[in-house]
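Undergrad: The sequence and its predicted three-dimensional model are supplied below.
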Amino acid sequence: MIASTDPTRGALLRCGPGESIDLARHRALGGFNALRKALAMSPDAVREQVKAANIRGRGGAGFPAGMKWGFLPKDNPKPRYLVINADEGEPGTFKDRYFLEQDPFVLLEGVIISAFAIGAHSAYIYVRGEFVRPIQRLEAAVEELYRAGILGRSVMGSPFALDVVVHPGAGAYICGEESALLESIEGKPGRPRVKPPFPAVVGLFGCPTIINNVETMACVRLVLEHGAERFLAMGLPKDGGPKVYGLSGHVKRPGLYEGPMGLSLRTLIYEYGGGTIDDKPIKGIIPGGSSTPVLRGDQIDVNMDFDSVKAAGSMLGTAAVTVFTEGTCPVAVLTRIARFYAHESCGQCTPCRDGTGWLERLVESIEHGHGRPGDCDLLLSAAGQILGNTICALGDAAAMPVISFVQQFRDDFEEHIRRGACPYGNKPEAH
Amino acid sequence: MFPNLDLFGTCYPESGPAGGRDDRGGEQMTLAFSSETEGRFQKLLARYPNRQAALIPTLILAVREFGYLSREAMAYVAQRLEVPHAQVLSTATFYTLLHKRPLGRHHIQVCMNVACYLKGADHLAHHLRERLGIGFGEVTSDGMFSLEGVQCLAACGTAPAIQINDDYHEDMTPAKVDALLDQLRRTSAPAPTQGGDQ
């Protein structure tokens, strides 16, 4: 199943670029077998399976989905909601778009199974607003499932009822933070909530809510289809299953690849990705989306699972690998990242609202040749004052790349400041 | 319940940015959804347990119906949803896709983030500015194009990427951009009035 010779195909990625899977094809590929199995079980038994498979959440944090489901209060009479986070926006990440646009039935089957397992009769799929075409594709797929009797009052003839609503975002990275996402569905600005209470207790419309990532839903479906043991066997003992890897930047064949959880980063870049453009040596690798600490090119021998990447000093995040080769100015790369977090800070917490702006202006001034001696330490100090001091993780997400870029490429930053110009000859334009 | 209300089926106004009527003086018009949009709005209300949850989708409908969210459009949405005007203002001003000023008929978003940067986004953006004669946040004098630098479009594997209205265009080069602009110019009639006055 996973022992595919073509890493662009597998258990999760069932079709390649430009292709898509319709309802008939989904059925032909064994679609709804997993759902049928689930409906024949008790919700408790489904939850047990998912827990046994130890699916670590594919949205970036790696929190086990089964454990998250276990936080739902048992004696709360309010309705329960399942919310799917398809607000994909972490720079470097482009995996969830694949499911929405090319294989929506895998996502939807996972949603129905998960809603059944947690006892939710309404599921909201929150998709970033830029994804107009993916939203249309997903809505059409939802409608087909209603027509086919797979959604609605009686899911596949069972007493289980489920409605699915596709809810559009409107351009705010912060809404990928789960409590901001709930605020956004409620019609408010996406400002993260103070936790506790966690969404499992007080979530959407004040009701118990589970929020999972798109790829996590595809994993839930696999677990039901093949069983927890076989799912685990596709990855590592404590971090099982297949994983979708994104590859972007200076590689010959960028794109999505599937491999076991724990795939070697070297294999991903050099075998799947065909190596770097013009075979240049790698200068830096951002392993899991722009918020994850950057690795130097010589740190490539790391396995892509949550624990191994953490041990290497970074994070697996969304396993969205961005590669840049020698000759790339790390100051310029960091400027784009710092600008992003300054733009996307919701403005709620002072350290993040003011701090991200400081980081952006400082890095940008270095990029533009106006850096001053001591700016590297100032950057580290300013980033350090954001870290851990905010309601949500956006503050950390802004601080971590700054700290890691300065630490990993300090010589480049100092040289930039000393020369008052880019040592790589970049002449940045004002934006 | 069939939840597919084809929210994005509402086209931007034919007249481009002028379709978003300006409420800062000039002719005073009372905004109202067209019957088609009204149908979508009614279906939208049925999807949520309260009216405020329909706010963002309704604002998206309003942007598509009126071209952008003028103060008048926001007041109209507040009245239709029976939510405080301040709530609408607060939400509308938080989200970048809820446009608060007129756009060109073809709104071009250029991804400037890291993966696109590594594949030449700055160069592409420079080329677009030169070709259109406008900067980010501006509209061409004929109202045909507007340009905006945006954060990650989640098309990093096919960088550099741009988005024109609802469609992504990926693996872009200056030559491909030129061909796209020419095609858009050929296939759309000139906008009747000038846009981009803010």
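TA: In hand now; what should we look at?
Undergrad: which regions of the chain lie under the pLDDT threshold?
TA: Picking chain A for this. For chain A, applying pLDDT under 70 flags the ranges A:1-5, A:430-431.
Undergrad: try again with chain B
TA: In chain B (pLDDT under 70), the answer is B:1-5, B:7, B:9-29, B:189-198.
Undergrad: can you map out the strands along it?
TA: When assigned using DSSP state E, the strands of chain B occupy the ranges B:106-111, B:138-139, B:145-150, B:162-164, B:167-169.
Undergrad: How about the stretch 301-431 of chain A?
TA: Ranges of strands in the stretch 301-431 of chain A, per DSSP state E, counting those that start in this stretch, are A:303-304, A:320-325.
Undergrad: Contacts only, for the spatially closest residue to residue A:267 that is not a sequence neighbour.
TA: Ranked by Cβ to Cβ, 6 or more residues apart in numbering or on different chains and with sequence neighbours excluded, the top spatial neighbour of residue A:267 is residue A:259, at 7.4 Å. The C-beta positions use only the backbone N, C-alpha and C, and glycine is treated the same way. Residue A:259 is in contact with A:2, A:7, A:10, A:242-243, A:245, A:267-268, A:272, A:304, counting by Cβ atoms under 8 Å, 6 or more residues apart in numbering or on different chains.
Undergrad: My reading is that residue A:259 lies in a helix. Confirm?
TA: No. In this structure, residue A:259 is strand, not part of a helix, as judged by DSSP: H, G, I helix; E, B strand; the rest coil.
Undergrad: mind checking how far it is from residue A:39?
TA: Using Cβ to Cβ, to the nearest Å, residue A:259 is found at 31 Å from residue A:39.
Undergrad: List the contacts of residue A:63.
TA: By Cβ under 8 Å, 6+ apart, the contact list for residue A:63 reads A:56-57.
Undergrad: And for residue A:79, the neighbour number?
TA: Using other Cβ atoms under 10 Å in any protein chain shown, residue A:79 has 15 neighbouring residues.
Undergrad: Please work out how many residues are found near the nearest residue to it once chain neighbours are set aside.
TA: Distances taken as Cβ to Cβ, 6+ apart place residue A:207 nearest to residue A:79, at 5.3 Å, with adjacent residues excluded. For residue A:207, the tally of surrounding residues (other Cβ under 10 Å) stands at 18.
Undergrad: for the one 4 residues further on, same thing?
TA: One way to gauge burial is a neighbour count; for residue A:211, by other Cβ under 10 Å, it gives 25.
Undergrad: longest helix of chain A?
TA: Looking across chain A with DSSP state H, the single longest helix is helix A:350-367.
Undergrad: Dump the C-alpha coordinates for it into PDB.
TA: Taking C-alpha atoms only, helix A:350-367 is exported to PDB below (Å, rounded to 0.1, in the frame of the first residue of the first chain):
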ATOM      1  CA  THR A 350       1.100  43.500  23.100                       C
ATOM      2  CA  PRO A 351       4.300  41.400  22.900                       C
ATOM      3  CA  CYS A 352       3.100  40.000  19.500                       C
ATOM      4  CA  ARG A 353       1.400  43.100  18.100                       C
ATOM      5  CA  ASP A 354       4.400  45.400  18.800                       C
ATOM      6  CA  GLY A 355       7.100  42.800  18.800                       C
ATOM      7  CA  THR A 356       6.400  41.400  15.400                       C
ATOM      8  CA  GLY A 357       6.500  44.900  14.000                       C
ATOM      9  CA  TRP A 358       9.800  45.500  15.700                       C
ATOM     10  CA  LEU A 359      11.200  42.200  14.200                       C
ATOM     11  CA  GLU A 360      10.000  43.100  10.700                       C
ATOM     12  CA  ARG A 361      11.500  46.600  10.800                       C
ATOM     13  CA  LEU A 362      14.800  45.400  12.200                       C
ATOM     14  CA  VAL A 363      15.300  42.600   9.700                       C
ATOM     15  CA  GLU A 364      14.100  44.800   6.900                       C
ATOM     16  CA  SER A 365      16.500  47.600   7.900                       C
ATOM     17  CA  ILE A 366      19.400  45.100   7.800                       C
ATOM     18  CA  GLU A 367      18.200  43.800   4.400                       C
END
